[in-house]
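[1] Pasting a predicted model and its sequence here:
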Amino acid sequence: MHNDSSSLSGNAGRPIILLGCGGAAVCHEMRSFLATKEFNVIHVEYCPDVIGLDACHFPDLILMSSHKDCNGLDVCEKLQKNLFKRRPASVMIFGPPDDDLVDQAFAAGADEYISEPIHWNLLYYRINFLIQKRKAELELSDFAGRLEQTNRELKDFTYVVSHDLQEPLHLIRAFAERITGKSHSVLDEQGAMYLQRIEMAAGRMQSLIDGLLQYSRLTTQAQEFVPVDLTDIVREVISDLEVRIDRQKAKIIIGELGIIEADPLQMRQLFQNLVSNALKYSSCGQAPRVEVFPLPVPENADRGNICQVVVKDNGIGFDSRFQEKIFGLFQRLHGRDEYNGTGLGLAICKKIVERHGGSISARSASGQGAEFIVVLPLQQNKKG
Ligand SMILES: Nc1ncnc2c1ncn2[C@@H]1O[C@H](COP(=O)(O)OP(=O)(O)O)[C@@H](O)[C@H]1O
Ligand SMILES: [Mg+2]
């Protein structure tokens, strides 16, 4: 059976040309010329025969005459309508140059034309160029297809796995709770300690699953983009974190951040994660100070189209070597004993800004606080 990839790359490296050309003198010349080159030529004298052959030989290029004995224009149009995924490049062969014919050829979907008297070298280079171009296009579209498929699988995988893990985990937690309630008195000290560790591990697993579900829902349950006042969003986030802010005696300073088109829930998630981190990774013995302010867009950058917001803290910071790594899934620089967490917060932030067509980066040095810079477009194309 013919395999899709055997054309272009396979077939002992010889590209296949389907030549639909009959009657005119140029057709014989064309056939002899192509035969002297490194092509595999399949020749039909009657142009409509090209249809059907294209599907079984997978040619890289179809050369079709527009002479009256073999008018390939209709065939070219039909090939386009076939929606044949691996449509080969097509070149029309004309008699003397004719503007109308040129228009018709391109309207019918031809990629190129060549007119008589034929400049054979030029024909050869055009054919080669089109074959290489088509090859690159096919490779790119194959790659994009594979990538899309992998992405879909990954999205389904994250969702399904995190969803399905909930149930056994609920059971573990429920039974652990029963033991704590009913049978606690029969446990010795070591048993009680084991039980406590089971509960803690199950709680941690619950946080991981919740985080993963949140991560996968960023695309599956995304909201429309609407005008969002980022200053309001950050104020809401601060208000949700009030108890913690009071407890840590933190000082929060918010600048005028502006209005952008965005998914409001996701903007909230974004700043919630960044501000929580700023509070969480604070230096001991020093009250946290968190600033959320706009950063002017440099003149040579995309001014008028983007905004930049910085979330800056005076906390423990991190080594600048890790400034990219921390945006990966489950990446944590600080141990669970010191700071609890899942390593998902910044991965969620990254996915949110990327879904909005923006970017996020971090700047820090150990012990010197951290800065997270979010760049977001002011406007979105409505698709989301
Ligand atoms: N403001 C910050 N200051 C210092 N380190 C930070 C800050 N924010 C994030 N980090 C580091 O990046 C890691 C990843 O952050 P995140 O994805 O939010 O996960 P989590 O907070 O659950 O650990 C954290 O574990 C921490 O090591
Ligand atoms: Mg976090």
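    All right, it came through fine. Residues are numbered from 1 along each chain as shown. Ligands and ions are numbered 1, 2, ... in the order given.
[2] Wait, residue 271 touches residue 290, no?
    No. Look at residue 271 against residue 290 with Cβ atoms under 8 Å: they stay out of range, at 10.6 Å. (Each C-beta comes from the backbone N, C-alpha and C, glycine too.)
[3] joint contacts of these two?
    residue 311 (Cβ atoms under 8 Å, 6 or more residues apart in numbering).
[4] my guess is residue 351 meets residue 216, correct?
    No. With contact taken as Cβ under 8 Å, residue 351 and residue 216 are classed as non-touching, separated by 9.6 Å.
[5] Send me the lowest-mean-pLDDT helix or strand in the chain as CSV with only the CA atoms.
    Ranked by mean pLDDT, DSSP states H and E, the weakest helix or strand in the chain is helix 50-57, scoring a mean of 75. The C-alpha atoms that make up helix 50-57 are tabulated as CSV, following Å, rounded to 0.1, in the frame of the first residue of the first chain:
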residue,chain,number,x,y,z
VAL,A,50,-4.9,13.0,-13.9
ILE,A,51,-7.8,12.9,-11.5
GLY,A,52,-7.7,9.5,-9.8
LEU,A,53,-4.1,9.0,-10.6
ASP,A,54,-3.2,11.8,-8.2
ALA,A,55,-4.9,9.9,-5.5
CYS,A,56,-3.0,6.6,-6.1
HIS,A,57,0.5,7.9,-7.0
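[6] and that helix, which residues are buried?
    Burial within helix 50-57, assessed by neighbour count using 16 or more other Cβ atoms under 10 Å, is assigned to 50-51, 54, 57.
[7] so for the helix or strand just after it, what's the average pLDDT?
    Of the helices and strands lying after helix 50-57 in sequence (DSSP states H and E), the nearest is strand 61-65. In this model, strand 61-65 carries a mean pLDDT of 89.
[8] For strand 61-65, name the packing helices and strands.
    Counting contacts by 3 or more Cβ pairs under 8 Å, 6 or more residues apart in numbering; DSSP states H and E, strand 61-65 packs against strand 16-20, helix 25-36, helix 50-57, helix 72-81, strand 89-94, helix 120-182.
[9] That one versus helix 72-81: what angle between them?
    Angle between the axes of strand 61-65 and helix 72-81 is 150 degrees (criterion: axes from the mean of the first three to the mean of the last three Cα atoms, to 10 degrees).
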